[in-house]
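1. Just to be clear, the model below is a prediction. Sequence and coordinates:
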Amino acid sequence: MNQLHPWPTSVAEAEAVQDRLRGQVELTGPDTFALVAGLDVHYHGDDEVTAAVVVLDAVTLEPVEQVVAHGKAAFPYVPGLFAFRELPALVEALERLTVTPDLLVCDGYGLAHPRGFGLACHLGVLTGLPSVGVGKTPFVGTHEPPGRERGAWTPIVHEGAVVGRALRTRRGVRPVYVSQGHRISLGTATGEVLRLAARYRLPEPIRHADHLARHPS
DNA sequence: GCGACAG
DNA sequence: ATCTTGTCGC
């Protein structure tokens, strides 16, 4: 049993769910994590989805456990309501884990969202786990381009508030867009994403999950 | 008013 | 997200 019911059947209902759960987001939390999980979803055919979760040892970055769950996209694609497509399959995959990760690294946004409640916030609140959102393209707000050195960042400002950071994880590559999901500070979120993305543009856990979702074993 | 808009 | 080859660069 999980916290997904009742499931919204309209845009208005989905927005109401976000507005209700938004108040549960916590913007402070632990600053070190022993097990970090990457989450991603692959789409096939007519709205079929494969969700993948890969848990890594935070120090060695070696995989500890991996799970896939298949299903149907649970909502039409509407910008701002993207999470409702993937949430059921991702939650199912998380429930099949035999270990509990200390941080969820999500493929999408957290606080940097039209209503301040993106996929990373939603997954964090449902599980109670710290979470961070990593976007590959800008979504809401405005920001200056960060310097081109690894680790350079600039704030993302939306409606007068800082909701995330554009972060250069590697010299000369496009930035990634980091925002808080749940139970994490923006500084810790930025530091973890940077640490986990030492070798490639995207954090290692997301790369593992992306690979697993595309090639389920 | 119109277009753009995470994956 | 996905439909899609080769090519340039580190």
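-> All right, it came through fine.

2. so where's chain A uncertain?
-> A:1 (pLDDT under 70).

3. Helices of that one, start to end?
-> A:11-21, A:83-96, A:119-127, A:186-196, A:204-214 (DSSP state H).

4. mind checking which of those helices is nearest DNA strand C?
-> helix A:204-214 (6.2 Å; C-beta to the nearest atom of the strand). For every residue, glycine as well, the C-beta is placed using N, CA and C.

5. gap between the residue positioned nearest the centre of chain A and A:Gly172?
-> For chain A, the residue nearest the mean C-alpha position is A:Cys106 (1.9 Å; C-alpha atoms, centre = their mean). A:Cys106 sits 25 Å away from A:Gly172, taking C-beta to C-beta, to the nearest Å as the criterion.

6. do the same with A:Gly80
-> 31 Å.

7. Can you give me the end-to-end span of stretch A:180-187?
-> 9 Å (C-alpha to C-alpha, to the nearest Å).

8. right, I mislabeled it, should have said stretch A:146-166
-> 7 Å.

9. who does A:Leu35 bridge with?
-> A:Asp57 (DSSP bridges).

10. just to revisit the earlier point, go through the helices of chain A and pick out the most buried.
-> Sort the helices of chain A by mean neighbour count, taking mean count of other C-beta atoms under 10 Å, and helix A:119-127 sits at the top with a mean of 26.

11. Just want the angle from that helix to helix A:83-96.
-> With axes from the mean of the first three to the mean of the last three C-alpha atoms, to 10 degrees defining the directions, helix A:119-127 sits at 40 degrees from helix A:83-96.

12. Spell out which residues of chain A are next to DNA strand B.
-> A:40-41, A:43, A:77, A:79-83, A:85, A:107-109, A:113, A:118-119, A:133, A:135-137, A:139 (C-beta under 7 Å from any atom of the strand).
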